[in-house]
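Student: 3D, please:
(chains A and B)
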Number of protein chains: 2
Amino acid sequence: MSDSSRIIDGKAFAEKLRAKIAEQVAFLKEKHGFTPGLAVVLVGEDPASKVYVRNKGEQTKAAGMASFEYKLPDTTSQAEMLALIDKLNKDPNVNGILCQLPVPKQIDPQAIINAIDPDKDVDGFHVVNAGKLATGGEGLVPCTPYGCLLLLKDRLGDLAGKHAVVIGRSNIVGKPMAQLLLNESCTVTIAHSKTKDLPDEVRRADIVVAAVGRPEMVKGDWIKEGATVIDVGINRIEVNGKGKLVGDVEYATALPRAAGITPVPGGVGPMTIGLLLRNTLVAACRQRGVKLPD
Amino acid sequence: MSDSSRIIDGKAFAEKLRAKIAEQVAFLKEKHGFTPGLAVVLVGEDPASKVYVRNKGEQTKAAGMASFEYKLPDTTSQAEMLALIDKLNKDPNVNGILCQLPVPKQIDPQAIINAIDPDKDVDGFHVVNAGKLATGGEGLVPCTPYGCLLLLKDRLGDLAGKHAVVIGRSNIVGKPMAQLLLNESCTVTIAHSKTKDLPDEVRRADIVVAAVGRPEMVKGDWIKEGATVIDVGINRIEVNGKGKLVGDVEYATALPRAAGITPVPGGVGPMTIGLLLRNTLVAACRQRGVKLPD
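Tutor: As a prediction, the model looks like this:
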């Protein structure tokens, strides 16, 4: 097996996903006369957040959807933010609502997230969507773990019976990832900072999902021969005085052992906005009572 | 270690728990002038359900709480059931609401569960409570896994770093149990019918929680020496023409290997109503804005 065939190209997958979404959106416009719409709310001037929001807006429009951007000053009160959410909840042209995090400290992010109509919560962070994911209901799933799942299914097909180890237990990635893999009938182990023998846990895994945010903490020689590795980490480190992005997995040593591995950058990262658009599409179809186009 | 010292006596623990709850209820009555109340709704004539409901009512009253019982005919419509739930949601003397399952087939149990005010959902089955458990929020936790957790903490103290294997992935036991153990910083593996090598998974576990409903399917020689075993199964089998209750674990062979093990009956079973009373107490204190008495 060549090294290049082991690399899971999230960038290429995300491009195909977005192209397909654009077709589905075009179909909805033509056959059902509506355009899915995504509202993104940005509070303050965080430079990274501004870049994300701009990218989201551009990709939303590129998929043929309506993009609504709300840029609020960093003095915005929680009440003002909640009033905007309420307006967007009631707007039938807005099918998805995303509040870019972090928000300034006068605003409680959980209060904002739980104020969004769960049916429009395209980030999948609302407590009702977390509950639906935990109990097998049909909600909206957080974008990053959902993207990881699509990459795994694309590579491996049926995941039933595979032993998956998820490293990290955040509400945004680790915990929903474990739920998704359990729903696919994997045997799932959730490991984290208190896990006693992480190398041993990883060695047993057919599927490794690393989401801890610590550069190259998962060593290549922990990876079982033929395992599939999804690296959610994006860590900026300095090498010879130059900045470099690395994942949570020691890529160079893991690559020859893995049957499939996502690089950083170019693996999981590009998937997230694609899944945001997909969630918006799904939400729009549900809200309009229309079947999701094939 | 003697065999008797290995036995985790859920019956005795539950009695202590209920006695403590009775003290807390008495304190609330005296110092804050209110009595926590639990409403139990039974639809139809299922004999087992009638026994459960009677037991719940008796134990509720024995703890000094108010018990409200609603026995509806098996022809009750979903609309009538929802109207009753709505009335109970609005009644300030009712702090907890439980609908005894199963319900007749004209009623959708999920619709009933999600109609209960999450703050009064003492079964912990509402999607909002599942979401809170999944994301670390302060909700109400399903009684059976909560009881298992109390038995484990009583026996083992701090659970952080222990490797726990939960067998079974129901919404009522397996999945919330895994969340609770993860919140205690265990490394958690969820195994189920699709798991490839269950004996191997169990052999690695410091804590085994079996919740599959298959008589003695977990063999004693799978249990690691010194592990703690919580057996949630209650299965009726026939031995020499006589009915007998057994768990999901082969008790006789597991007992000499385990440092602690719950018998069936007398282990997990008696805990459930105790935790229902505890949830009602907690719900009442939250609704009244009163600190839970020590």
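Student: And the helices in chain A?
Tutor: Under the criterion DSSP state H, chain A contains helices at A:3-6, A:10-27, A:47-62, A:78-90, A:109-115, A:127-135, A:143-156, A:174-183, A:198-203, A:251-254, A:271-288.
Student: Chain B is nearest to which of the ones you listed?
Tutor: Closest approach to chain B among these (C-beta to the nearest C-beta): helix A:127-135, 3.0 Å. For glycine as for every other residue, the C-beta is placed from the backbone atoms N, C-alpha and C.
Student: Could you dump the helices of chain A into JSON lines and include distance to residue B:273, mean pLDDT and mean neighbour count?
Tutor: Output for the helices of chain A, formatted as JSON lines (distance: least, C-beta to C-beta, whole Å; pLDDT from 0 to 100; neighbours: other C-beta atoms under 10 Å in any protein chain shown):
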{"stretch": "helix A:3-6", "distance to residue B:273": "54", "mean pLDDT": "90", "mean neighbour count": "11"}
{"stretch": "helix A:10-27", "distance to residue B:273": "50", "mean pLDDT": "98", "mean neighbour count": "18"}
{"stretch": "helix A:47-62", "distance to residue B:273": "50", "mean pLDDT": "96", "mean neighbour count": "15"}
{"stretch": "helix A:78-90", "distance to residue B:273": "40", "mean pLDDT": "98", "mean neighbour count": "16"}
{"stretch": "helix A:109-115", "distance to residue B:273": "32", "mean pLDDT": "96", "mean neighbour count": "18"}
{"stretch": "helix A:127-135", "distance to residue B:273": "23", "mean pLDDT": "98", "mean neighbour count": "26"}
{"stretch": "helix A:143-156", "distance to residue B:273": "37", "mean pLDDT": "98", "mean neighbour count": "22"}
{"stretch": "helix A:174-183", "distance to residue B:273": "29", "mean pLDDT": "98", "mean neighbour count": "25"}
{"stretch": "helix A:198-203", "distance to residue B:273": "37", "mean pLDDT": "98", "mean neighbour count": "18"}
{"stretch": "helix A:251-254", "distance to residue B:273": "50", "mean pLDDT": "98", "mean neighbour count": "18"}
{"stretch": "helix A:271-288", "distance to residue B:273": "39", "mean pLDDT": "97", "mean neighbour count": "23"}
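Student: Compare those and give me the one nearest residue B:87.
Tutor: Nearest to residue B:87 among the helices of chain A is helix A:127-135; the distance by C-beta to C-beta comes to 23.8 Å.
Student: just how off-centre is that closest one within its chain?
Tutor: Between the centre of helix A:127-135 and the centre of its host chain there is 16 Å, according to C-alpha atoms, centre = their mean, to the nearest Å.
Student: how about residue A:81, what does it touch?
Tutor: Shown in contact with residue A:81 (C-beta atoms under 8 Å, 6 or more residues apart in numbering or on different chains): A:41, A:43, A:72, A:99, A:103, A:107, A:112.
Student: Looking at these, which are in strands?
Tutor: Judged by DSSP state E, the contacts of residue A:81 include A:41, A:43, A:72, A:99 as members of strands.
Student: residues contacting the third one?
Tutor: It stands for residue A:72. Residue A:72 is in contact with A:41-44, A:80-81, A:84, counting by C-beta under 8 Å, 6+ apart.
Student: What spatial separation is found between it and chain B?
Tutor: Distance, residue A:72 to chain B, by C-beta to the nearest C-beta, to the nearest Å: 26 Å.
Student: Out of the contacts of residue A:72, which is nearest to residue B:272?
Tutor: residue A:81 (42.0 Å).
Student: Any figure for the gap between residue A:281 and residue A:61?
Tutor: 14 Å (C-beta to C-beta, to the nearest Å).
Student: Same check on residue A:234?
Tutor: Look at residue A:234 and residue A:61: by C-beta to C-beta, they are 25 Å apart.
Student: can you check residue A:24 too?
Tutor: The spacing between residue A:24 and residue A:61, counted by C-beta to C-beta, is 15 Å.
Student: do the same with residue A:239
Tutor: Using C-beta to C-beta, one gets 37 Å for the distance from residue A:239 to residue A:61.
Student: Quick one: end-to-end length of stretch A:186-197, please.
Tutor: Start and end residues of stretch A:186-197 are separated by 21 Å (C-alpha to C-alpha, to the nearest Å).
Student: repeat for stretch A:228-238
Tutor: Across its full length, stretch A:228-238 reaches 27 Å end to end, with C-alpha to C-alpha as the criterion.
Student: How about the contacts made by the closest residue to residue A:253 other than its chain neighbours?
Tutor: The shortest distance from residue A:253 to any non-neighbouring residue, by C-beta to C-beta, 6 or more residues apart in numbering or on different chains, is to residue A:220 (2.4 Å). The neighbours of residue A:220, taking C-beta under 8 Å, 6+ apart as the test, are A:249-257.
Student: swap the cut-off to 7 Å and go again
Tutor: Residues counted as contacts of residue A:220 (C-beta atoms under 7 Å, 6 or more residues apart in numbering or on different chains) are A:250, A:252-254, A:257.
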